[in-house]
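J.: Mind folding the following:
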Amino acid sequence: MRNENQVEADNQVEAETATSGEFERESVPESARLGAGKFWGMYAGEHAAGTEFMIGPLFLAAGASLQDLLLGLLIGNLLAVLTWRFLVTPIAIAKRMTLYYQLERIAGDRLVKLYNVVNGVLFCFLAGAMVTVSASAVGIPFGTMFEVPEETFALGSTDFTLIVIGVGVVMSIIAAAGYQVVAQVANIAAPWMIAIFAACGIVSLVQMDANSIAALSEGKFWQDAIDFVQEKDGVQRFGFWQIVVFAWLCNGAMHFGMADLSIFRFARSANSGWAPAIGMFLGHYMAWIAAGLLLAAQIKLSQDTTANPGALAWGALGWTGIICVIIAGWTTANPTIYRAGLAFQGVFPKSPRVAMTLVAGTVATIAGSFPNLSNQLLGFVGTYGTVLGPMGAIIFVDHYLMKRFGMREENAFHSGQSINIAVLLAWAIPVAIGLYLIFVPTSLFPDKLFAAYAVVPCWVASGAIYFVLSKMMQPRAIA
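T.: Numbering: from 1, shown residues only. The predicted structure is shown next:
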């Protein structure tokens, strides 16, 4: 247990950080570093949260078997935790810079501005899905239902859009208050939300009469729900390895892409890097399965296959479920909008972080107004990992290999380059190929490549290209 002196030190750090800023363009000083508890609470709140109410039901609708889900999520989430701990945390502890400032020193200020725009917008779209999730619950007491239009960029009803705007404003204000407030909200909400997710799963099992060891081991209640969905919408199959890779890489932008350098730069020790475990195993494991059970129960009770997060939680736990969905979307969107605000500040470094965070919140709220975006999370998170992940490989190579092989790290900073061509090509070439395979059918992938499968190959290719091009270009630059 942490002693009283350590608790007092953490409280003092919070006060100092609130008055001295977020250290967006400098290394976090020792006086502002935080104990592991702050990170465990934030990751619990962020990953046992709003996305779970969408992704869990999508697994069932896509035809994932319960057996594959139980084992596949276990392996995939373990890989994700190990990636955070051993890929991200050591660099965050060594550099203590935001992702965006660190990339600026490697890639050049003009190139990193392009990356920051892409990064910020994609994070805003993810946060927008969480605004939609919370709004789906807020609308239940007012009789305003979450309805998914056929077109991707079609608005919901006028009433639902107004609710989205209200929810988005609140989330944006919280995120603009800074990392300390974001972490505090998560610390307060996380334990309660985790308990509610577990209750949702238990109640759903009881509603389906799956309350014996035999019924649970047979899993017929889950397969019956899949059969009903596929009879209505067509046969789909979400296999074991897709589950493993999705669980590992659905947050690829945050660990492989190094976005969470911006979070772990505050960590007092590398042990904080284990904090994502609570989010992965209570959120991306227990909560995903519990949310899938909500849809299975709804199908059995009313033959309704609509994955409306608010309605699903209402059917299991009433008002408690509604409140949980609202807060769950909130605790996911807060840190995501915070990250997006830092990205936009990288584009306009003289602008206050608060202003840029509010801009990010506005973009997220606009994205949340299109309900169909949140219905495409299985594909979207793999795509944004493919786009953002490769920059993490460039940071990895720059940190571990440049000096070792006689090259200069942070070359743009030391040489005054505004665009590091090696970085530009190392990012653009693998991402372009990856996106082509994801969105265009080919003879190799007639049904198009599952988006999450592209993350690791693009990451490895980017790191290799950056290393080779730097070896070719740097001697002339240094000379």
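
J.: Gln102 is in contact with Ile395, correct?
T.: Yes - assessed by C-beta atoms under 8 Å, Ile395 is found in contact with Gln102 at 6.3 Å. C-beta: built from backbone N, CA, C; applies to glycine.

J.: Give the residues shared as contacts by the two.
T.: Here Ile395 and Gln102 have Met258, Leu261 as joint contacts, going by C-beta atoms under 8 Å, 6 or more residues apart in numbering.

J.: lowest-confidence helix or strand of this structure?
T.: helix 4-20 (a mean of 41; mean pLDDT, DSSP states H and E).

J.: same question for stretch 140-154, mean pLDDT?
T.: Stretch 140-154 shows a mean pLDDT of 77.

J.: Same check on stretch 439-451?
T.: On average, stretch 439-451 scores 88.

J.: same question, stretch 366-382
T.: The predicted model gives stretch 366-382 an average pLDDT of 82.

J.: Would you mark the buried spots in it?
T.: Using 16 or more other C-beta atoms under 10 Å as the test for burial, stretch 366-382 gives 366-382.

J.: And stretch 31-50, by the same measure?
T.: By 16+ other C-beta under 10 Å, the buried positions in stretch 31-50 come out as 32-50.

J.: State the helix or strand in which Asp227 lies.
T.: Assessed by DSSP states H and E, Asp227 sits inside helix 220-233.

J.: Which SSE is immediately downstream of that helix?
T.: Helix 220-233 is succeeded, C-terminally, by helix 240-249 (DSSP H and E).

J.: Summarise which helices and strands that next one is packed against.
T.: Counting by 3 or more C-beta pairs under 8 Å, 6 or more residues apart in numbering; DSSP states H and E, the packing neighbours recorded for helix 240-249 are helix 66-83, helix 377-400.

J.: Deepest-packed of the ones you listed, please.
T.: Across those, averaging neighbours per residue (mean count of other C-beta atoms under 10 Å) puts helix 377-400 on top, at a mean of 24.

J.: Work out the gap between it and the centre of the chain.
T.: 12 Å (C-alpha atoms, centre = their mean, to the nearest Å).

J.: and after it, which helix or strand comes next?
T.: Trace forward from helix 377-400 with DSSP H and E and the next one is helix 411-415.

J.: Summarise which helices and strands the helix or strand just after that next one is packed against.
T.: Later in the chain than helix 411-415, the nearest helix or strand by DSSP H and E is helix 421-439. Applying 3+ C-beta pairs under 8 Å, 6+ apart, one finds that helix 421-439 contacts helix 99-107, helix 109-138, helix 377-400, helix 455-478.

J.: Pull the residues that contact helix 421-439.
T.: 106-108, 111, 115, 382-383, 386-387, 390-391, 393-394, 411-412, 444-445, 448-449, 451, 454, 457-459, 461-463, 465-466, 469-470, 473.

J.: Quick one: work out the angle between it and helix 109-138.
T.: If you take axes from the mean of the first three to the mean of the last three C-alpha atoms, to 10 degrees, helix 421-439 sits at 40 degrees to helix 109-138.

J.: can you dump the C-alpha coordinates of helix 421-439 into CSV?
T.: In CSV, the C-alpha atoms belonging to helix 421-439 read as follows (Å, rounded to 0.1, in the frame of the first residue of the first chain):
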residue,chain,number,x,y,z
ILE,A,421,11.8,13.0,-46.2
ALA,A,422,12.8,9.7,-44.7
VAL,A,423,9.9,10.0,-42.3
LEU,A,424,7.4,11.1,-44.9
LEU,A,425,8.2,8.1,-47.2
ALA,A,426,8.4,5.7,-44.3
TRP,A,427,4.9,6.7,-43.2
ALA,A,428,3.2,7.3,-46.5
ILE,A,429,4.2,4.2,-48.5
PRO,A,430,3.1,1.4,-46.0
VAL,A,431,-0.1,3.3,-45.1
ALA,A,432,-1.1,3.8,-48.7
ILE,A,433,-0.6,0.1,-49.4
GLY,A,434,-2.5,-0.9,-46.2
LEU,A,435,-5.5,1.4,-46.9
TYR,A,436,-5.7,0.1,-50.5
LEU,A,437,-5.9,-3.5,-49.3
ILE,A,438,-8.5,-2.5,-46.6
PHE,A,439,-10.8,-0.7,-49.0
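
J.: Can you list the low-confidence ranges for the stretch 51-200 of the chain?
T.: 178-187 (pLDDT under 70).
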